[in-house]
Each structure stands twice: as structure tokens, then as C-alpha cells.
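Just the structure for this:
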Amino acid sequence: MSSRATGNLDKDIVRRRYAEERAKRLRVDGPDQYLRLTGALESYLDDPHMPVTPREPVTDHVTFAFIGGGFAGLMVGARLKEAGIDDVRIVDKAGDFGGTWYWNRYPGAMCDSASLVYLPLLEETGYMPTEKYAHGPEIFAHCQRIGRQFDLYEKALFHTKVTSLVWEDDHSRWRIGTDRGDSFTAQFVGMGTGPLHVPKLPGIPGIEEFEGRSFHTSRWDYDYTGGDAAGSPLHKLADKRVAVIGTGATAIQAVPELSKWCKDLFVFQRTPSSVDVRNNGSIDPEWFATIASPGWQERWLESFASYANPREALSGISAASPLKDMVQDSWTDTGRRLRSVVGGIPPHERTPERVQAAYEDCDYAKMAEIRARVEAVVDDVETARKLQAWYRYFCKRPCFHDEYLQAFNRPNTHLVDTDGQGVGRITPRGVVACGREYEVDCIVYASGFVVSVDFKSLLGFDAVGSAGMSLSESWAKGMRTLHGMYAHGFPNLFAVWLAQGASQRSNVPHNYAEMSKAIAAVVRKAVDGGARRVEASAAGVDEWIEFLAANAQMASVDDCTPGYTNNEGREPDAAERMAYLTYPTGALDYFRFLDEWRRSGEFVGLEFG
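Reported below is the predicted structural model:
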């Protein structure tokens, strides 16, 4: 049957196809199939962008230290400065601010969400992005802009990894140790290292045997490829055979650029991504002036959140004044069509079963359109068939690009589909897949980042709290927080993470925007009231966890093709499931809750002393 007919297939047939494709990817090792970059693999973590500058160890005291110089650290730092807390230090392993946008300088890198909702603090900095989807160099430059405007460079420590974080109860402060010999103190500490910051490699036998050049996309080697992050030609690849392992969001952006310059490009695919239209373009300054009235970015954030996630889209149907879709992109298209279909059902007939069926119909129709797009764009019938995604829309991160599929129409660009099995082995000369060796000069690992609830392993240090207990010990049976930000037994410690809050049900920077406001308000109250410590009460944490658990709506991993969003298809244990708890009525309700909690000035659940 032609894939052009998939939009009319019976649901049972589609479900069976989804199940078949999922079964190909199931592995008993789940997330453990990936390699952490230790020992001989540590060279993959070297900074190719900036040399480490020697300096003397720091032994001073600051009011607030934040671990992580990406969006989270920049936003918390900015809000603290606005609140009059000037003594702020940001510590990061990178050589500058930017977080993932410091490291991810691979060719073609750009944001997947519209710039107007993705780039933080646009209104505060007065900056207008140049494109609907800004490219990496522009995002990195914006991070530097925030650092300069809010004077965050002065005390920042770059190329510095925190190795210890210990609460000194007698002095009500944290002592921070680093790999640069620093030992300084801070009254308050924030942690915001991002959900995707530790590169990982696939656990392929022979990965250390390859005799050519290999690197991870987050450490792109322009000395080898030629070109630069700004888009200069990758001229050194003209006589090179290059392998890309991975076909997720990063590869979707890098493959088109590699395809333009390589002698031969082999793209090794385990599971195809869904690739919808991006339709990028320049932002018109005259149009921007019409929308940039006070509070514009907050309105855009709320609009995006109300359409980009199905739950938010459904809750907006009954709203007295439903928000308009200002972003109008492929993310929000799903919400628009869901609202249209469910909104057409008479209110008294909107049973959970009827709404679920409508959502399923919308999802199947969307995926059928995406598969039809592949067939329309890719010339070779067999290649097009292998590039079609058979799973629900949000099972894997949706991708959008206007050149990825087209790249496979070039004679030098070859899709190596492994039918869900992945690469079999790396040899000194190349890559083995499906029993065939592909000789290559270079291997690019577009294999993503570690996603783990083992916070000690992910952070590289373990906070030791007021009772001498480490955070990993305290959370041995599962993460326990107040609002996803505060932990009992760890005074003056703030976490800017996604778990036990809005999670990834909204644009990640939107989470940071709301959390940073709350943190600045708490610190301001503590300083104004002369409080030496502020801590989540045991009762406050218990109440929050009980509220989340009682209303948990976590999807089974059985529903989706394995990937980082569902623990690689392995059912999480009881402790792991704690990190999957999210605010039950959606991201916008969580943000509204935080806003009311902050504005009340009572800070229920926290104890100041």
C-alpha cells in the first residue's frame, strides 16, 4: 500500500505499525546503552572554542553563587540584579556564558522554538532577533548580551567545574570547591546545569578503535572540517567521506550543511525523526514594533504554552478568553487543530473517551501529513519510505527543517537505515551496519546528551546539607522537593530544573523565567528580613509530593518508540518515577501558581530563620 494512503488507514492498522516499529528498538539496557565520557573518552569533552586561561584560586565570599552559565543562570542572575542583589557569581565549565549555545556550534545549529519565545529577556534587553528561528551564533551572542547588561561577567568563573558543595551550619553558608583549586563561600547557591549538558556516545563496540577523526556535535572540530559556526564553507571536507551517527534534532540541522560539502555523507539511522516544515525567515522590524508593547514576551510565552502542548490546548477550549496563537508554527499547529476538533464537540458530549479519540485522530492525521511530506520531497522511493516516522507525534522530539529531507536528493548523501538496530561496530577504517562496512574518514556523533535522574552523576558533585547528608542520600528513594526548586535539609539551595514542576510540557526557557522570579523574591525577603537561612519545611515537601503523586498522569513507556523522553523504553523504577512527576493541570497552571505564591509574600512551605 502506498504511504500516500496512510491518512485513511484504519486506526488499528496504524497502531500495529507503531507497535512493530517500537519493538525493533526495545533493549534491555535502556539508558545504559550509552557511554559516559570518562577515561580514554574524556578527550571528547575538550573545549575546541577557547583556551583555558590560568588564574589564581578564588577564596572569597559572595551573596549568591549559581552553578551553570546557560539560560537558567543568566535568568536567575538577571532577576537577582533587578531585585538589588548585586553580589552574584556564576560558575560554569564552559569558557563563557551560553550553556548549550556555547558548546553547540555545529554547522546549521538554530533554535527549534520560535526566537521570540525561546530567547530569554528579550524585552529587558530591548533585542529583536533577526530570524523567526535564530541561528546558534546569534543565540550565543544574546547570552553574552545578558551577561554584559546585568554585569554578570565581573565575578563569573569560567572553565571551572564545581567538585564539592558543603553546607557550613555554624556560619549558615555554602562552601564551594572547584577543579581550579577554588574554595569560596556563598550565603545562597543555585543549581541550573540544564537537562541536556553532558554529551554521550552510543555504546558501539570498537568506538575507540577508529583511526580517522571523530567528535561529538557539541565539540565540533572546525580545524578538521573548515568553516565556522557562522556558516562559512566546510571546505576541508571536499575529499572526505563522513559518517553521521544519529538522526535526532541535532543531525536534522547538521546533515544539510555537511551534505553541501562532503565528498560522501553516510547518515546512519536507527529511528527516523518526524520532520515538519520550519518555514524560517527574517523578522520584519516594522512588524516587530507593532507587537513589542510592554509585557509582549510574557504574552507570547503564554500563547505558545497554551497551544504547543495538547493538555494546555484542551484546557484553553473552555477558557472565558482563550489566548490567540501568536507563534503560528508547527509546534502550535497541533494545538490549533486539537482545539478545532474538540471545540466542535458539544460540551455535554465531551466525555474523556470522546476527547481522547479526537486527540488520537488529530495525532494520526498530523503524522500522516508528515509522512506524506517525506514522499513528496525525497526523490528516491525507498529512501523516502525509510525516512518516514511511525509513532505518535510527541513520542520523540518533533523536528522542523526545510533542507534535511532535500539533502537526500543529492547524489553524495546516503541514508543507511538500520531498521531500528543501530550501528553494529566501529572499525579502524569505518562503520559497520547491517553487516556492511562503510569506510569513512570522519565520524560525527550526533548522539545527544545524558538524561538521568542520578543527579550526582549528572552534576559531577553532590551537595552535602545541614545534617551532613548528601542530596543523593536524601533522594535515594526518589527526588523530593517543594515546587521542584527547594529541598528539606538543604538551606539556601535553589534548583532550577524541570522535574516536579512544569517539566517539559512547555518551552524550557519559560520554566526558567518563572522560577527565576520566585528565587529572586525569596532571596530578597531573606535579605530584607535578616534571615540567615531559608529552607523547605518537611511538611511543605510532603504536601507537594502528595499533591503531585495523587494527581499523576504519567504516560506508560509502552506507548512510544524508545527515546530519551521515555527512559529509552525501560519502565522507570519507583525512585526514577519521582522525577517524572509534574504539575497535574499543566504548565500554565503551574506558572500561575508560582506567580501567586511569589506575589503573596507568604512563601508557604518555606521556613526563614
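
wait, what's in contact with the closest residue to residue 129 other than its chain neighbours?
Of all residues not flanking residue 129 in the chain, residue 115 sits nearest, at 3.7 Å (Cβ to Cβ, 6 or more residues apart in numbering). Every residue, glycine included, has its C-beta placed from N, CA and C. Each residue near residue 115 by Cβ atoms under 8 Å, 6 or more residues apart in numbering is listed here: 129, 131, 132, 133, 134, 283.

just checking, the second one touches residue 278?
No. No contact is recorded between residue 131 and residue 278 when judged using Cβ atoms under 8 Å, the distance being 10.4 Å.

Residue 59 versus the residue nearest to residue 569 when sequence neighbours are not counted, what's the distance?
What sits nearest to residue 569 in space, not counting adjacent residues and going by Cβ to Cβ, 6+ apart, is residue 562, at 3.1 Å. For residue 562, the distance to residue 59 equals 47 Å [Cβ to Cβ, to the nearest Å].

Comparing those two, which shows the higher neighbour count?
residue 562 (26 against 10; other Cβ atoms under 10 Å).

is it true that that one touches residue 420?
No. Under the criterion of Cβ under 8 Å, residue 562 makes no contact with residue 420, lying 9.3 Å away.

shared neighbours, those two?
residue 25.

what's the pLDDT at the residue nearest to residue 569?
pLDDT for residue 562: 79.

And it, how far from residue 33?
9 Å.

Between the two, which contacts overlap?
27, 568.

So which residues of the stretch 251-400 of the chain form strands?
264-269, 275-276, 399-400 (DSSP state E, counting those that start in this stretch).

Could you pull up the residues touching the residue nearest to residue 313 when sequence neighbours are not counted?
Leaving aside its chain neighbours, residue 313 sits nearest to residue 335 (3.3 Å; criterion: Cβ to Cβ, 6+ apart). Taking Cβ under 8 Å, 6+ apart, we find residue 335 in contact with 306, 307, 308, 309, 310, 312, 313, 316, 325.

can you tell me which of those residues are in helices?
306, 307, 308, 310, 312, 313 (DSSP state H).

farthest-separated two in these?
306 and 310 (11.0 Å; Cβ to Cβ).

Which of those two has more residues huddled nearby?
Taking other Cβ under 10 Å, residue 306 and residue 310 do not tie; residue 306 has more neighbours (25 against 20).

from what I can see the more buried one touches residue 588, true?
Yes. Between residue 306 and residue 588 a contact is recorded at 6.3 Å, counting by Cβ under 8 Å.

overlap in contacts of the two?
With Cβ under 8 Å, 6+ apart as the test, residue 306 and residue 588 both reach 312, 315.

which stretches of the stretch 51-200 of the chain aren't confidently modelled?
For the stretch 51-200 of the chain, residues meeting the criterion pLDDT under 70 lie at 195-197.

can you rerun that using 90?
193-200 (pLDDT under 90).

which helix is the longest one in this structure?
As assigned by DSSP H, the longest helix anywhere in the chain is helix 352-377.

Can you list the helices and strands that that helix packs against?
Helix 352-377 sits against helix 11-25, strand 275-276, helix 310-315, helix 330-343, helix 381-386, helix 404-407, with contacts defined as 3 or more Cβ pairs under 8 Å, 6 or more residues apart in numbering; DSSP states H and E.

Average pLDDT for the shortest one, rounded please.
Read that as strand 275-276. 96.

ok, back up a step: same drill for residue 131 and residue 278, tell me which one is more crowded.
residue 278 (20 against 15).

Report the contact partners of that one.
Contacts of residue 278 by Cβ under 8 Å, 6+ apart are 133, 330, 400, 401, 402.

Out of those residues, which comes closest to residue 220?
residue 401 (18.2 Å).

How about the contacts made by the closest one?
Contacts of residue 401 (Cβ under 8 Å, 6+ apart): 252, 253, 256, 275, 278.

next one: residue 135
108, 109, 110, 231.

Give me the nearest residue to the last one, chain neighbours excluded.
When you say that, I think you mean residue 231. residue 107 (7.1 Å).

That neighbour contacts residue 258, correct?
Yes. Judged on Cβ under 8 Å, residue 107 makes contact with residue 258 at a distance of 7.0 Å.

Now do the shared contacts for the two.
residue 234.

one step back: and the longest helix of the chain with helix 330-343, angle?
Interaxial angle of helix 352-377 relative to helix 330-343 (axes from the mean of the first three to the mean of the last three Cα atoms, to 10 degrees): 140 degrees.

tell me which residues of helix 352-377 are tucked away?
355, 358-359, 362-364, 366-368, 370-375, 377 (16 or more other Cβ atoms under 10 Å).

now the farthest one out in this protein, which residue is it?
residue 348 (38.7 Å; Cα atoms, centre = their mean).

So for that residue, what's the pLDDT?
At residue 348, pLDDT is 90.

now residue 8
For residue 8, pLDDT reads 56.

now do residue 533
96.

what ranges do the strands span in the stretch 451-600 of the chain?
463-464, 493-495, 534-536.

Minimum distance to residue 160: which of these has it?
Nearest of the strands of the stretch 451-600 of the chain (Cβ to Cβ): strand 463-464, 17.0 Å.

helices and strands around that closest one, which ones?
By 3+ Cβ pairs under 8 Å, 6+ apart, strand 463-464 packs against strand 162-168.

Please export the C-alpha coordinates of the strand it packs on as CSV.
Taking Å, rounded to 0.1, in the frame of the first residue of the first chain, the C-alpha atoms of strand 162-168 are listed here in CSV:
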residue,chain,number,x,y,z
VAL,A,162,32.3,22.6,40.8
THR,A,163,33.6,19.5,42.6
SER,A,164,32.1,20.0,46.1
LEU,A,165,29.2,21.8,47.7
VAL,A,166,29.0,21.6,51.5
TRP,A,167,26.7,23.5,54.0
GLU,A,168,28.6,25.1,56.9
